[in-house]
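**Student:** need the 3D shape of this:
(one chain, ligands or ions: 2)
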Amino acid sequence: MLEDKIKGTIRDVIDFPKQGIVFKDITPILENPELTSEITKAFVSKSEVLKPDAIIGIESRGFFWGLLIAQAMDIPFIPVRKKGKLPYKTISYKYDLEYGSAEIEMHEDALSKGMNVIVHDDLLATGGTAMAAAQLVKSQGANVVGFSFLVNLTFLDGEQKIAPFSNNIISLVNY
Ligand SMILES: O=P(O)(O)OC[C@H]1O[C@H](OP(=O)(O)OP(=O)(O)O)[C@H](O)[C@@H]1O
Ligand SMILES: Nc1ncnc2[nH]cnc12
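**Tutor:** Ligands and ions are numbered 1, 2, ... in the order given. Prediction:
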C-alpha cells in the first residue's frame, strides 16, 4: 500500500528544529524516483475530481509535489513564499507555526477572481500555514476547492482550522 511505503520511507528526526518536536523528514522519498512518481499520480487522481484551475504550492516543501502535480494536470503552479522572497508586488499574511511564527506572500497578480485552486503543501500540522495561504487566495476573489498534503499530523487538529475554506482535504499519510 502506498501509505505504508511512504511511512516506511519518512525519517523521524527527534527534537528538530526545537526540543519536543518530532520532525517528519520527507527527503528520503525524493531520493526514490519511483515512489515520488507514484505519489504524484496519487495526488493527481484525488485532485482531478475537484477540477482546479491552478495549484498553489507553499515554500519550500510544498514546491516538491506542487509543481509536479500542476505539470501532470496541465494547469498553472503558483508559488506562495516566505516574506521578502517574491520580486514583484505582493499580498501577505502572518500566521503561527507548530514551532514559531511566519509570514507568507503571493504575487498580487497571480490569481484572478473566480479561479478555483488547490492549496498544496507537504505536511499539515497546526494548519496555520495552509490557512494563511487560503486567506491569500480568498483575498484575491479566488476559491479554495481543496487542500492536499503528503502528511497530516492529525493530533494537531489542522483540519479544523482549514475546513471552513474547504472540506476537501486530501492527505496520503496520517499520523
Ligand atoms: O500546519 P502548520 O503548523 O502551519 O505547519 C506546516 C508547515 O510547516 C512546514 O514548513 P516550514 O515552515 O517548516 O518551512 P519549509 O517548508 O520551508 O521547511 C511544512 O512544510 C508546512 O509548510
Ligand atoms: N513535525 C513536523 N515535521 C515536519 N514538518 C513540520 N512542519 C510543522 N511540523 C512539522
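
**Student:** what sits against residue 121?
**Tutor:** Contacts for residue 121 (Cβ atoms under 8 Å, 6 or more residues apart in numbering) come out as 57-58, 61-62, 66, 129-130, 133, 147-149. No exception for glycine: its C-beta is placed from N, CA and C like everyone else's.

**Student:** torsion angles phi and psi at the residue nearest to the spatial centre of the chain?
**Tutor:** A centroid search over the chain (Cα atoms, centre = their mean) returns residue 121, at 1.4 Å, as the residue closest to the centre. Torsion angles at residue 121 (phi, psi; degrees, to the nearest 10) stand at phi -150, psi 170.

**Student:** one more: residue 108?
**Tutor:** Torsion angles, degrees, to the nearest 10, at residue 108: phi -70, psi -20.

**Student:** with the one 3 residues further on instead?
**Tutor:** Summarising the backbone geometry of residue 111 under the convention degrees, to the nearest 10, its torsions are phi -120, psi 150.

**Student:** about what we covered before: any idea how far residue 17 is from the closest residue to the residue nearest to the centre of the chain other than its chain neighbours?
**Tutor:** What sits nearest to residue 121 in space, not counting adjacent residues and going by Cβ to Cβ, 6 or more residues apart in numbering, is residue 62, at 3.9 Å. Distance from residue 62 to residue 17, counting by Cβ to Cβ, to the nearest Å: 17 Å.

**Student:** residues of the protein that sit close to ligand 2?
**Tutor:** Within the chain, the positions near ligand 2 by Cβ under 6 Å from any ligand atom are 21-24, 98, 123, 125.

**Student:** any of the residues you listed buried? List them.
**Tutor:** Taking 16 or more other Cβ atoms under 10 Å as the criterion, what is buried in those is 23-24, 98, 123, 125.

**Student:** how about stretch 102-117: buried residues?
**Tutor:** By 16+ other Cβ under 10 Å, the buried positions in stretch 102-117 come out as 102, 104-107, 110-111, 115-117.

**Student:** any idea which of those is least confident?
**Tutor:** Among the buried residues of stretch 102-117, residue 102 carries the weakest pLDDT, at 91.
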